[in-house]
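J.: Here is a sequence with its predicted model. Questions after.
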Amino acid sequence: QEKNTVFVMTNAIFTLNQSQGHCPELPDDKTECKVKSDCIPGYVSSHSNGIQTGECVSYNSSIKTCEVFAWCPVEDDYHIPRPAFLQEAENFTLLVKNNIWYPKFNFSKRNILPTISAAYLKNCIYDSQTDPFCPIFRLGRIVEAAGQNFQEMAVEGGVMALQINWDCNLDRAASHCLPKYSFRRLDSKDSGHTVSPGYNFRFAKYYKDSHGNESRTLVKAYGIRFDIIVFGKAGKFDVIPTMINIGSGLALFGV
């Protein structure tokens, strides 16, 4: 979780029982080998899982790759689970609490309005037509309101914006200053023309057995990051700047 951001994991690749040792690297044009001389001891590329030992070993019955010293077995993320593991995440809900302050007018307000009761807050779900001021959002509806499909987005992840607009005329009563919610997708949907589409990151859980040997489970987590973006403007009539502007206008015309 980051500032003004919530991440919801929807899919994952698990690499279980990794331990530090020697194992074959994942095959690609730089790691496949036929003989030992194809592998360079100590070589590490930007996409390596470890340090090459200089040995050429069998990856499977038909492919050989350079051996590496790494967390073994190395992660294979070529095949992303479809459908996503956590399909039901679209039914998760998110309560957004937002406070604003316009210092020039010493005006503050929050998005949980004074008219909202505790009983209402326990049961409402945001709907642009029936409940436009409910601060509880169903994740699937956020994605749908942005014209996206949650189940498709859940596979590789993505970035959504939940926008809160506060445009307030402070000459009117404070009850007229109300939040307006809107939603949009921030990342590119076109995976065919986007390098590294979606949104993901890795984390690991570490363990030690009774003999002190360390192992870990590596998780590549895919999910949807929701960015809370707040913007707006406020204004209020003031006689002094109004008279100054009128006087400047009259002087301009020589009246």
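T.: That came through fine. All values derive from a computational prediction rather than experimental measurement. Residues are numbered from 1 along each chain as shown.

J.: where in the stretch 51-200 of the chain is pLDDT low?
T.: 191-193 (pLDDT under 70).

J.: gap between Trp71 and Ile51?
T.: Distance of Trp71 to Ile51, computed by C-beta to C-beta, to the nearest Å: 12 Å. Every residue, glycine included, has its C-beta placed from N, CA and C.

J.: go on, Cys134?
T.: 54 Å.

J.: Helices along the chain, start to end?
T.: For the chain, helices defined by DSSP state H occupy the ranges 118-123, 139-145, 150-156, 239-252.

J.: just checking, what packs against the third one?
T.: Put plainly, it is helix 150-156. Helix 150-156 sits against strand 5-24, helix 139-145, strand 214-235, with contacts defined as 3 or more C-beta pairs under 8 Å, 6 or more residues apart in numbering; DSSP states H and E.

J.: so which of the ones you listed comes closest to Tyr120?
T.: helix 139-145 (18.0 Å; C-beta to C-beta).

J.: which residues are contacting the closest one?
T.: 8, 89-94, 125-128, 149-150, 153, 160, 162, 182-183, 185, 224, 226 (C-beta atoms under 8 Å, 6 or more residues apart in numbering).

J.: filter those residues to the buried ones?
T.: 8, 89-90, 94, 126, 150, 153, 160, 162, 183, 185, 224, 226 (16 or more other C-beta atoms under 10 Å).

J.: of all those residues, which two lie farthest apart?
T.: Tyr126 and Met153 (18.8 Å).

J.: In contact with the residue nearest the centre of the chain, which residues are there?
T.: Residue closest to the mean C-alpha point of the chain, counted by C-alpha atoms, centre = their mean, is Arg225 at 1.8 Å. Each residue near Arg225 by C-beta under 8 Å, 6+ apart is listed here: Thr5, Val6, Phe7, Gly157, Gly158, Val159, Met160, Tyr199.

J.: contacting residues around Tyr59?
T.: Pro24, Glu25, Leu26, Pro27, Thr65.

J.: same check, this time on Gly223
T.: Applying C-beta under 8 Å, 6+ apart, the residues near Gly223 are Phe7, Val8, Met9, Thr10, Asn11, Ala89, Ala154, Gly157, Tyr199, Asn200.

J.: okay, these in TSV with distance to Ser117 next?
T.: Shown next, in TSV, are the contacts of Gly223 (distance: C-beta to C-beta, whole Å):
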residue	distance to Ser117
Phe7	31
Val8	28
Met9	33
Thr10	33
Asn11	38
Ala89	29
Ala154	34
Gly157	36
Tyr199	37
Asn200	40
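
J.: Closest to His176 out of these?
T.: Val8 (33.9 Å).

J.: residues contacting that closest one?
T.: If you count contacts by C-beta under 8 Å, 6+ apart, then Val8 has Ala89, Phe92, Leu139, Gly223, Ile224, Phe226 around it.

J.: Show the contacting residues for the fifth one.
T.: Contact analysis of Ile224 by C-beta under 8 Å, 6+ apart lists 7-8, 10, 89, 139, 143, 153-154, 157-160, 199.

J.: Looking at those residues, which two lie furthest apart in space?
T.: Ala89 and Val159 (15.3 Å).
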